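**Student:** Need coordinates for the below:
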Amino acid sequence: MRRYGRVAGGVLAGCLVAGCSGLPGMDPAAWQGAETPSATPSPTTSGTQKTPEPSASAPALTAESVIKEYIERNNKANKALDEKLLATYEGGSSLAIDKAGYTSQRKLGGRDSYTPFEYVKPTFVAPASKRWFLATAYWKNKKKSAKTPTFLLFAHDQGAWKQVYSPDVSDTIDADELPKIQTDASGAATEVDSADGDGLLMSPADFAKNYAAHMTGKGSKAAKSRFASDQFTTGAAKNRIKMRQFAKITEHAAPAKEYPSYALRTADGGALVFTTFARTKVYDVIQSPKRYYVFQENNGLLPDKYYKFLKVGDLVQVAAHIPPKTASPAQVQVLGTYSGIVAGRGA
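**Tutor:** Model (predicted):
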């Protein structure tokens, strides 16, 4: 993961016969499930931490100080791979993803050095309730700086401000192309309820349901046409093509309802939505004299080569813009994602 250690690779394939080349894949996905290679995986929330809805009694919002403290604690926790410290400033799917990342990093042998990072040029917006707020900032360290921003969503949880979403904006989208948030005279933004589809192409809840199918290549042609092309689904489609000579792939995705979604009304009458998905993928390796195998690159949770099957699971945070019904083209645009492997097994 970019934030603190080795960058997780995708699922690769190979064989024991000379001339068989490995092919890169997308980051895998799958929850812990049945051990048989032909089993169809299903999402489960076992082992994940349920994040309460943001506290209604949040203290006065001081976003700048929250960001500053977040950066300081984050770097300390990342350097020491300290899950307890991590849990003091992260919650929701961010905590689940990064805890699994720490476990993977330790299994890979820890780290010889750590380069601190920060977020710069932050801008902030919050709903009137001030129970949560959204920052847009740029990641950087001593060696490099991100060209596109990261969304950092903080919610007040159990007496503390915790980062619960951190999707990185796609590098195919310019910062000035991001939707503007609608605010009132006081500067407060308007929250959009999950089931509220008023004036929208689809409600946030319908987006979660429909995109879950879309991200696994399912859905009708008409349903797929409601989504603009994005890096995540494009990469997944390429992976299916590249890997099919080595393994049969079974995929499933669903909204991870134990992690709250958030949405704000945008100036164009649409909505900026943050939702978490539980994605599953099983690679049933094709049995051949060439002895095909699959493996997960650079992840301590799945360190081996798997000759029968590989089942892995990840959580995927998605930031998306749902346009108003009157928009042309009438398509939802996924702006960014943040994901990580949280479970898996193979044989």
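**Student:** Could you use CA atoms for every contact and neighbour count after this?
**Tutor:** Fine.
**Student:** So, low pLDDT: which residues of the protein?
**Tutor:** 1-10, 12-61, 110-112 (pLDDT under 70).
**Student:** Let me see the ranges of the strands in it.
**Tutor:** Counting by DSSP state E, the chain has strands at residues 11-15, 117-125, 132-141, 150-157, 160-165, 168-169, 247-255, 262-265, 271-285, 292-296, 305-306, 309-322, 333-346.
**Student:** would CSV of those strands with distance to Leu178 be doable?
**Tutor:** Below are the strands of the chain laid out as CSV (distance: least, CA to CA, whole Å):
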stretch, distance to Leu178
strand 11-15, 31
strand 117-125, 13
strand 132-141, 10
strand 150-157, 11
strand 160-165, 17
strand 168-169, 9
strand 247-255, 24
strand 262-265, 13
strand 271-285, 10
strand 292-296, 33
strand 305-306, 41
strand 309-322, 9
strand 333-346, 8
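**Student:** could you dump those strands to CSV with mean neighbour count and distance to Ser65?
**Tutor:** Below are the strands of the chain laid out as CSV (neighbours: other CA atoms under 10 Å; distance: least, CA to CA, whole Å):
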stretch, mean neighbour count, distance to Ser65
strand 11-15, 22, 39
strand 117-125, 16, 12
strand 132-141, 20, 12
strand 150-157, 24, 12
strand 160-165, 26, 10
strand 168-169, 25, 22
strand 247-255, 21, 32
strand 262-265, 23, 22
strand 271-285, 27, 23
strand 292-296, 25, 39
strand 305-306, 20, 46
strand 309-322, 26, 24
strand 333-346, 23, 24
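**Student:** Among these, which comes closest to Ile97?
**Tutor:** Closest of the strands of the chain to Ile97 is strand 333-346, at 5.2 Å (criterion: CA to CA).
**Student:** elements contacting that closest one?
**Tutor:** Packing partners of strand 333-346 (3 or more CA pairs under 8 Å, 6 or more residues apart in numbering; DSSP states H and E): helix 92-107, strand 168-169, strand 309-322.
**Student:** Check which helices and strands the second one is in contact with.
**Tutor:** Looking back up the chat, that one is strand 168-169. Checked by 3+ CA pairs under 8 Å, 6+ apart, strand 168-169 has strand 150-157, strand 333-346 packed alongside it.
**Student:** who wins for proximity to Gly197 among the ones you listed?
**Tutor:** Gly197 sits nearest to strand 333-346 of all the helices and strands packed on strand 168-169, at 16.3 Å, using CA to CA.
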